[in-house]
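> Predicted model and sequence follow; I will ask about them next.
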Amino acid sequence: MIRTATPADIPVIHALIRELAAYEKEPEEARATPEQLHEALFGEHPAAYAHIAADDTTGEPVGFALWFLSFSTWRGVHGIYLEDLYVRPAVRGSGHGKALLTELARICVARGYQRLEWSVLNWNRPAIDFYEALGARPQDEWTVYRLTDGALSKLGG
């Protein structure tokens, strides 16, 4: 079962983000607070959106997708950038990840968006295999760059 997140889901989204950061071996980088998540998802000007994967029997949240709109100057339309997709290890392989991606693809098609994009760590072979089995292809000719912390402050200061 996939549903749109509500403000009541903030604690579980926060917990899932922390679990994802631990899985990706960078728990100290997950600094977002529940208050920040609430403002980003449900504030006056939402910057992002989220969907919850829930167990079909219990309704317990077991995963989430957090995304925002991108824009392609070449295509002239929006797309979705998937910031985080996470399904708890105990239920992986049960279809929750595919259901979350299917919902985002459905939104793209319904709204005329032409891209659904995300990043995956090079060492995360299970995720890469999963994404490629769905038909996703890596954009190997692109390298992601990021400014954070001191480098960002130095450039922007």
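That came through, no problem. Here the structure is a predicted model, which is why all the values come from computation and not from measurement. Numbers count the residues shown, from 1 in each chain.

> Scan the chain for its longest helix.
helix 96-111 (DSSP state H).

> so what's the closest residue to A54 other than its chain neighbours up against?
Leaving aside its chain neighbours, A54 sits nearest to M1 (4.7 Å; criterion: CB to CB, 6 or more residues apart in numbering). Using the backbone N, CA and C atoms, a C-beta is placed for each residue, glycine as well. Applying CB atoms under 8 Å, 6 or more residues apart in numbering to M1 gives the contacts 53-56, 59, 99.

> Buried residues, the helix or strand that the longest helix of the chain is followed by. List them.
Downstream of helix 96-111, the next assigned helix or strand under DSSP states H and E is strand 116-118. Going by neighbour count (16 or more other CB atoms under 10 Å), the buried part of strand 116-118 is 116, 118.

> Counting by contacts, list what the longest helix of the chain packs against.
Other helices and strands packing on helix 96-111, by 3 or more CB pairs under 8 Å, 6 or more residues apart in numbering; DSSP states H and E, are strand 2-4, strand 49-54, strand 61-72, strand 77-87, strand 116-118.

> you'd agree G97 is up against R88?
No: between G97 and R88 there is no contact under CB atoms under 8 Å: 10.5 Å.

> overlap in contacts of these two?
Joint contacts of G97 and R88 (CB under 8 Å, 6+ apart) are G63.

> any idea how far T73 is from R115?
Applying CB to CB, to the nearest Å, the value for T73 to R115 is 12 Å.

> circling back to that earlier point, looking at the helices and strands packed on helix 96-111, which is buried most?
strand 49-54 (a mean of 22; mean count of other CB atoms under 10 Å).

> Over to stretch 46-65 now: how far is its first residue from its last?
15 Å (CA to CA, to the nearest Å).

> OK, contacts around L147?
Here L147 is in contact with L155 (CB under 8 Å, 6+ apart).
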